[in-house]
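Peer 1: here's my sequence, what's the structure:
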Amino acid sequence: MTDDELSAAAQTLHREWESPHMWPAIAAEIRASERTAAPVARYRYGSSFAWAAAALLVFATTATLMLTRDHVSREGAQEADSTERLLSDEALASLEDAEARYVAAIEALAAKAAPAVGMPTTPLAANLRERLLVIDAAIADCRAEIERNRFNAHLRRQLLSIYQEKRRTLEQILELEQHVS
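Peer 2: As a prediction, the model looks like this:
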């Protein structure tokens, strides 16, 4: 079908009819909506003003609480530093001493396992060697974080956990070497 044929077919479908009541009904609807729209507009203005006032009140209250909390926490931190700081330094020194002894013991164990780690004889030994490389990388990362925050007990526990995993892995390597030999 061409465009001309389609246009001719569309014109035959066009129909018109009389609707004398349609325009008066539309006009009546418009007038009715205009009468009810004015109070709604005033209500919306009042409602948005109330929301703005409530938001301002919440903002002011939050700002006041934050400023008060900062002031109180600064005072508390100064008091805590003066009384608990020495205990933290002593505890940190004791912890670092114990950590140094633990690391020395693990390094001694690593020295015993060094020949087996250097040349793995089985796929399991190669896997354990790779695990040691990952553990050493994790130890380096954790130590770097501890250097940034020396008093973080969570990082210290994490480092201890990594060292324990290294110890277990070295013990597995030594056991495997005894079984293979």
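Peer 1: ok, residue 138 touching residue 163?
Peer 2: No: with contact defined as C-beta atoms under 8 Å, residue 138 does not count as touching residue 163 (10.0 Å). Backbone N, C-alpha and C define where each C-beta goes, glycine included.
Peer 1: helix or strand with the lowest mean pLDDT in the protein?
Peer 2: In the chain, no helix or strand scores lower on mean pLDDT, DSSP states H and E than helix 22-118, which sits at a mean of 73.
Peer 1: just after it, pick out the following helix or strand.
Peer 2: Counting by DSSP states H and E, the element after helix 22-118 in chain order, helix or strand, is helix 123-148.
Peer 1: can you name the next helix or strand after that next one?
Peer 2: Following helix 123-148 in sequence, per DSSP H and E, is helix 153-180.
Peer 1: that following helix - what's its average pLDDT?
Peer 2: Mean pLDDT, computed over helix 153-180, is 88.
Peer 1: tell me the buried residues in that helix?
Peer 2: The neighbour-count criterion (16 or more other C-beta atoms under 10 Å) identifies 155-156, 158-159, 162-163, 165-167, 169-170, 172-173, 176-177 as the buried residues of helix 153-180.
Peer 1: what's the angle between that helix and helix 123-148?
Peer 2: In terms of direction (axes from the mean of the first three to the mean of the last three C-alpha atoms, to 10 degrees), helix 153-180 departs from helix 123-148 by 160 degrees.
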